[in-house]
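Engineer: Next one to model:
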Amino acid sequence: MNEDNRETDDDNKSLISKFSNFTKWNVFFIVIAFSVVVLLHFLPTPEGLSYNGKIMIGILIMGGILWATESIPLAVTGLLIIIIQPLLGVLPAKEVFSSFGNQAVFFLIGAFILAGAVEKHGLHKRMALRLLSYFEKSPRILSFGIMSSCAFLSFVMPEHGVAALFLPIVASILIAMKITPRESNFGKICMLSIAYGCSVGSLGTLVGGARNPLTVGLLSDFNPPIIVTFFDWMIYSMPVVFISLPLVWIVLQISFPLEIKSISIAKKEIDKQVSMAGKMGRNEIIVSITLALTIFLWVFFSSPEYLGLAVIALLGSMVLFFTGCISWKDVEKRVPWGIILLYGGAITLGVSMQKTGAGAWIANQIFELMAHNLYLVILSLIIFTVLLTNVMSNVGAVAILLPIGLSIATELPELSPLLASMLIALSGGLAFMFVIATPGNAITYSSGYFSSRDLFKAGAIANIICIGVIFIIAIMYWKGVLGL
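Structural biologist: Next up is the predicted model:
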């Protein structure tokens, strides 16, 4: 008994030690973050920049440090960015909080409620299994089926939800096939196909990732406002998805040569799970019809002269409540409210960067370095966004860079604000290299089928290729064909 108590005490001391070290690092980064704002207060204001603009740059750096290190929760950093602006007298509280009321925030809430209903009734699992049943011919085709199925589902629900759904499905297939974790290339490809498929697919629509409506929200608050509908976004982004997806899949095939030839056991496992799903119930049918109608309205009636993105999203949510398919308890459990708060802070950051002139000042400094070369600016925006999004939250990375990109666009006539925003928003989804880069990477890494070295090995090549894809599409399609 005494030995058990001693072991428990040792475990507690170990936990306390770990917590203590963790807290010390948190405090260190928090102090550094606030010190930047204090330091900029006392430093002379550079020529061409107002005092409030200088403080906004400090707030931007502070937010970047806290978002990158996650010393405090991401949502708390979003709230801090909102309240510190009126506290320091940068902008009045009324003006700062008005930015939080952007319709894109309510679009995000409605989209999360819809996704919560899909998850609650298992509709996403049924869709996933049905999609996988079409790719059972060979190991390569199955891995492509996993990636493309994840991408497709990421069009209609958040990417981290899709990754969480596919992980147990694919894991059950690999277990049935007796695939050895970390030793089998087939296991590595299958799990990385989930992570990369979700990331690439999340670029396709406004639902896939919170950074997409964040971009639309900042553009709608831009002066003059730029309105991007659900269908507009798809026109801009789908070429990136359809070109990048097979290229990333090829990268996986080359990086990890397959060692198996038959997937007959996998086919049996998928067929077994499909048959176990049974027929669709009443609630599944209602949710699927509601989701289909909502997407239809988003595509054709989301422009301001019609209903708008937020109204359609909330209308679909109301239908689910009235039909009893979802309750408020379900919403409290499944909607990531922290993302909403992070999002609100990011919106106010971008608006205030524009109003104080801080973004324009940063843009001018960047121009001096790049000699006003359009192609160099475009490539630099893509590369810098990809590097940043691989070491911190996707939304946080986009929130930091969007105000700068918009300011660059106002200073460089050849680069429109819409083009600059799409460059940053889509590049912000290319988090392929590190476990911490996106929830999809972390979720699939937890399966144990691949190492962080495997992730970096394939992810670095995939990132380089996708940087090239976005650069070419930006020059030839967005600017050349669409005239952005």
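
Engineer: Which pLDDT value does the model give Val335?
Structural biologist: Per-residue confidence (pLDDT) for Val335: 77.

Engineer: The residue lying closest to it once chain neighbours are set aside: what's it in contact with?
Structural biologist: If the residues on either side of it in the chain are set aside, Val335 comes closest to Phe112, at 4.3 Å by Cβ to Cβ, 6 or more residues apart in numbering. For every residue, glycine as well, the C-beta is placed using N, CA and C. By Cβ atoms under 8 Å, 6 or more residues apart in numbering, Phe112 lies in contact with Pro158, Arg334, Val335, Pro336, Ile339.

Engineer: separation between the closest residue to Tyr375 other than its chain neighbours and Cys190?
Structural biologist: Distances taken as Cβ to Cβ, 6+ apart place Ile475 nearest to Tyr375, at 7.2 Å, with adjacent residues excluded. Ile475 sits 35 Å away from Cys190, going by Cβ to Cβ, to the nearest Å.

Engineer: and those two? which has more neighbours close in?
Structural biologist: With neighbours defined as other Cβ atoms under 10 Å, Ile475 and Cys190 compare such that Cys190 has more, 29 against 15.

Engineer: my guess is the more buried one contacts Ser172, does it?
Structural biologist: No - using Cβ atoms under 8 Å, Cys190 is not in contact with Ser172; the gap is 11.4 Å.

Engineer: Setting the sequence-adjacent residues aside, check what's closest to Pro86.
Structural biologist: Ala93 (3.9 Å).

Engineer: Next: Ser303.
Structural biologist: Nearest one to Ser303, counting by Cβ to Cβ, 6+ apart, is Thr229 at 4.8 Å.

Engineer: Burial check on that neighbour, number of neighbours?
Structural biologist: Neighbours of Thr229 using other Cβ under 10 Å come to 20.

Engineer: Output stretch 248-259 as PDB, restricted to C-alpha atoms.
Structural biologist: What follows is stretch 248-259, C-alpha atoms only, in PDB (Å, rounded to 0.1, in the frame of the first residue of the first chain):
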ATOM      1  CA  VAL A 248       0.000  15.500 -53.800                       C
ATOM      2  CA  TRP A 249      -1.200  11.900 -54.200                       C
ATOM      3  CA  ILE A 250       1.700  11.300 -56.700                       C
ATOM      4  CA  VAL A 251       4.100  12.700 -54.100                       C
ATOM      5  CA  LEU A 252       2.900  10.200 -51.600                       C
ATOM      6  CA  GLN A 253       3.300   7.300 -54.100                       C
ATOM      7  CA  ILE A 254       6.900   8.300 -54.900                       C
ATOM      8  CA  SER A 255       7.800   9.100 -51.300                       C
ATOM      9  CA  PHE A 256       6.500   5.700 -50.000                       C
ATOM     10  CA  PRO A 257       6.700   2.900 -52.600                       C
ATOM     11  CA  LEU A 258       3.900   0.400 -52.000                       C
ATOM     12  CA  GLU A 259       4.700  -3.000 -50.700                       C
END
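
Engineer: hmm, who's touching that stretch?
Structural biologist: 139-140, 143-144, 147, 184-186, 188-189, 192-193, 196, 200, 432, 454, 457-458, 461-462, 465-466.

Engineer: try stretch 93-104
Structural biologist: 82, 85-86, 213-214, 216-217, 220-221, 308-310, 343-344, 347-348, 351-352, 355.

Engineer: Quick check: ChimeraX command selecting the buried ones in those residues.
Structural biologist: The ChimeraX selection below is limited to those of the contacts of stretch 93-104 classed as buried (16 or more other Cβ atoms under 10 Å):
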select :82,85,213,214,216,217,220,221,308,309,310,343,344,347,348,351,352,355
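
Engineer: Helices of the stretch 351-484 of the chain, start to end?
Structural biologist: For the stretch 351-484 of the chain, the helices defined by DSSP state H, counting those that start in this stretch occupy 358-370, 374-389, 394-411, 417-427, 439-445, 452-473.

Engineer: between those helices, which gets nearest to Ile285?
Structural biologist: With Cβ to Cβ, the closest approach to Ile285 among the helices of the stretch 351-484 of the chain belongs to helix 439-445: 29.0 Å.

Engineer: ok, and for the closest one, which residues are buried?
Structural biologist: Pro439, Gly440, Asn441, Ile443, Thr444, Tyr445.

Engineer: picking that back up, so which two of the contacts of Phe112 are the farthest from each other?
Structural biologist: Arg334 and Ile339 (12.0 Å).

Engineer: Specify which residue of the two has the higher count of neighbours.
Structural biologist: Ile339 (22 against 17).

Engineer: burial measure for Phe242, as a count.
Structural biologist: 12.

Engineer: Quick one: low-confidence residue ranges for this structure.
Structural biologist: Across the chain, the ranges flagged by pLDDT under 70 are 1-22, 99, 101-102, 277, 304, 367, 371, 391, 436.

Engineer: quick one: contacts for the one residue sitting closest to the centre of it?
Structural biologist: Central residue of the chain (Cα atoms, centre = their mean): Gly209, 4.1 Å from the mean position. Neighbour list for Gly209: Pro158, Glu159, Ser202, Leu203, Asn394, Val395, Gly428, Gly429 [criterion: Cβ under 8 Å, 6+ apart].

Engineer: ok, for the first one, nearest residue in space, not its chain neighbours?
Structural biologist: What that stands for is Pro158. Ala115 (5.8 Å).

Engineer: wait, isn't the one you found in contact with Glu159?
Structural biologist: No - the pair Ala115 and Glu159 fails to qualify as a contact (Cβ under 8 Å) at a distance of 10.6 Å.

Engineer: Comparing these two, which residue is more hemmed in?
Structural biologist: For the pair Ala115 and Glu159, the greater number of neighbours falls to Glu159 (30 against 21), based on other Cβ under 10 Å.

Engineer: ok, Glu412 - how many residues close by?
Structural biologist: Rather than Glu, residue 412 is Leu. Neighbours of Leu412 (other Cβ under 10 Å): 19.

Engineer: which residues does the residue nearest to Met56 when sequence neighbours are not counted contact?
Structural biologist: Closest residue to Met56 apart from its sequence neighbours, by Cβ to Cβ, 6+ apart: Ala358 at 4.0 Å. Taking Cβ under 8 Å, 6+ apart, we find Ala358 in contact with Leu49, Asn52, Gly53, Lys54, Met56, Ile57, Leu60, Ser352, Pro403, Ser407.

Engineer: can you give me the offset of stretch 189-197 from its chain's centre?
Structural biologist: Remark: stretch 189-197 is offset 16 Å from the chain centroid, using Cα atoms, centre = their mean, to the nearest Å.

Engineer: Off-centre distance for stretch 130-150?
Structural biologist: 24 Å.

Engineer: Can you pull out the residues in contact with that stretch?
Structural biologist: With contacts defined as Cβ under 8 Å, 6+ apart, stretch 130-150 is touched by 128, 152-153, 162-163, 166, 169-170, 186, 189-190, 193-194, 196-198, 200-201, 245-246, 248-249, 252-253, 258, 260-263, 266-267, 270-271, 274.

Engineer: List buried residues within those residues.
Structural biologist: Here, 16+ other Cβ under 10 Å leaves 128, 152-153, 162-163, 166, 169-170, 186, 189-190, 193-194, 196-198, 200-201, 245, 248-249, 252-253, 258, 263, 266-267, 270 buried among the contacts of stretch 130-150.

Engineer: Please point out which parts of stretch 405-421 sit buried.
Structural biologist: 405-412, 415-421.

Engineer: ditto for stretch 55-73
Structural biologist: So for stretch 55-73, counting by 16+ other Cβ under 10 Å, buried means 55-72.
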